[in-house]
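*Asks:* with the sequence up front, the predicted model follows.
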Amino acid sequence: MHHIKLIWIFFRIGMLNEMAYRVNFYVQLLQSVLNLGTAIAGLAIVFAHTDTLGGWQAVDILALLGVFMFVGGVIRLVIHPSMSQFMEDVRLGTFDYTLTKPCDAQFLASISQIRLWRLTDVFLGLGVLIAALIYKGLGIGPREAFAFAFALCTGGAIIYSFWLMLATLTFWFLRIENILVIFQSMYEAGRWPIGIYPIWLRYILTFLVPVAFAITVPAEVLSGRLTPESLITSGLLCAFLLFFSRWFWKRGIKNYAGASA
């Protein structure tokens, strides 16, 4: 309950900060709608020349696009801004203030910044996902719904752990912003099924930059392509990365030399 209250407090702070610049909402909404329109136009062009892409039908890739926008919205809502703020605090030495608070520093660093208007991406992604399911006939039972929720949660945890490990590198290397830019570029590849890429790129997007587990795997549940082995692998990788990122974080804290050092 204590952590939930803290999340709500940071959410309110983020809301107050964003409300001071309300025009950002309209700019963000326009940008999100344009991105969605561009993505759908790209799908229309591709499927004007073929019925399937890597075995995926148009409605299945539309559902994948919804997952892509939803997960990307969550990343830009809290993970990206919080990790960026954390790296800036470490660089300036002001991370001391976080360490002195009576709460877990990793938790505070992970929710320190909330970009409220990024919820537009989250809701648009949900809208696209629901539209794809309606077009598909809503043929989803309790088992598929549970598998989708499980895959989405584990995929989100995998992405969070990966971001945390990248951000933790700032304890040793102060200028690592370019690494985050590279990740963002690799994440864009997730708007298409991983299976359409060459084997070497599939390997990178599955294990080195785990985009596949966050986007393709949940979408595979909805399209009926997911195997139990993939779901188990996603759960195991999630558990491993959560544990490893926590260990890596603690190692990084020991190397921190802030303004008070």
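*Replies:* Noted; the coordinates are in hand.
*Asks:* quick one, grab the pLDDT at F150.
*Replies:* The confidence metric pLDDT takes the value 92 at F150.
*Asks:* how about it, what does it touch?
*Replies:* With contacts defined as CB atoms under 8 Å, 6 or more residues apart in numbering, the neighbours of F150 are L231, S234, G235. (C-beta placed from N, C-alpha, C; glycine too.)
*Asks:* for the helix or strand harbouring the last one, buried residues please.
*Replies:* In this case it means G235. For G235, the host element (DSSP states H and E) is helix 228-254. Of the residues in helix 228-254, those buried by neighbour count under the rule 16 or more other CB atoms under 10 Å are S230, L231, S234, G235, L237, C238, L241, L242, S245, F248, W249, G252.
*Asks:* skipping its backbone neighbours, what lies nearest the last one in space?
*Replies:* If you skip the residues right next to it in sequence, G252 has F171 as its closest partner in space, 3.7 Å away by CB to CB, 6 or more residues apart in numbering.
*Asks:* tell me how many other residues crowd the one you found.
*Replies:* Residues contacting F171 under the criterion other CB atoms under 10 Å number 19.
*Asks:* make sure it is actually in contact with V90.
*Replies:* Yes: between F171 and V90 there is a contact under CB atoms under 8 Å: 6.4 Å.
*Asks:* what touches both of these two?
*Replies:* With contacts defined as CB under 8 Å, 6+ apart, the residues shared by F171 and V90 are Y256.
*Asks:* please report the distance of V209 from V217.
*Replies:* Taking CB to CB, to the nearest Å as the measure, V209 and V217 are separated by 14 Å.
*Asks:* which one of these two has more residues nearby?
*Replies:* Of the pair V209 and V217, V217 is the one with more neighbours under other CB under 10 Å, namely 29 against 19.
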